[in-house]
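Visitor: using only what follows, build the 3D model:
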Amino acid sequence: MVPEAPAGLALPRGVKLPEKDIPVVRAALNAGVTHLLTGDKTHFGRYFGKKVAGLLILRPADYLKRQV
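Guide: Numbers count the residues shown, from 1 in each chain. Here you go, the predicted model:
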């Protein structure tokens, strides 16, 4: 859990997400976390396994596989 990011924090260039998902990514970036785990394939699928401004976006199962 991380606090909500300031409204003025922009997403990295080229990242396209629905309005409802933008606060999630902004909060993660603002908090400086290294991983964002989501099962939302519809909106985040194109970013799975990729870093967005240093934030690695993964499905929870893929994250767990990397930890073994």
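
Visitor: need the longest helix for the protein.
Guide: When the chain is parsed with DSSP state H, its longest helix is helix 22-31.

Visitor: just the residues contacting the helix or strand that that helix is followed by, thanks.
Guide: Downstream of helix 22-31, the first helix or strand assigned by DSSP states H and E is strand 35-37. For strand 35-37, the external contacting residues (CB atoms under 8 Å, 6 or more residues apart in numbering) are V24, V25, A28, F44, L55, L56, I57, L58, R59, P60, Y63. Heads up, the C-betas are built off the backbone N, CA and C, glycines and all.

Visitor: which residue, other than its chain neighbours, is closest to the first one?
Guide: Of all residues beyond its chain neighbours, the one nearest V24 is L36 (7.4 Å), with distances taken as CB to CB, 6 or more residues apart in numbering.

Visitor: picking up where we left off before, may I see the buried residues of the longest helix of the chain?
Guide: Buried residues in helix 22-31, defined by neighbour count with 16 or more other CB atoms under 10 Å: I22, V24, V25, R26, A27, A28, L29.

Visitor: of the residues you listed, just say which sits nearest to K50.
Guide: V25 (12.5 Å; CB to CB).

Visitor: that closest one contacts Y47, correct?
Guide: No. Between V25 and Y47 there is no contact under CB atoms under 8 Å: 9.2 Å.

Visitor: overlap in contacts, those two.
Guide: Common neighbours of V25 and Y47, counting by CB under 8 Å, 6+ apart, are V15.

Visitor: which residues of the protein fall in strands?
Guide: Counting by DSSP state E, the chain has strands at residues 35-37, 50-52, 55-58.

Visitor: columns distance to A5 and pLDDT on top of the contacts of strand 35-37, output as a markdown table?
Guide: A markdown table is the format used below for the contacts of strand 35-37 (distance: CB to CB, whole Å; pLDDT from 0 to 100):
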| residue | distance to A5 | pLDDT |
| --- | --- | --- |
| V24 | 9 | 91 |
| V25 | 9 | 92 |
| A28 | 8 | 92 |
| F44 | 17 | 97 |
| L55 | 12 | 95 |
| L56 | 18 | 97 |
| I57 | 16 | 97 |
| L58 | 20 | 97 |
| R59 | 23 | 97 |
| P60 | 22 | 96 |
| Y63 | 22 | 95 |
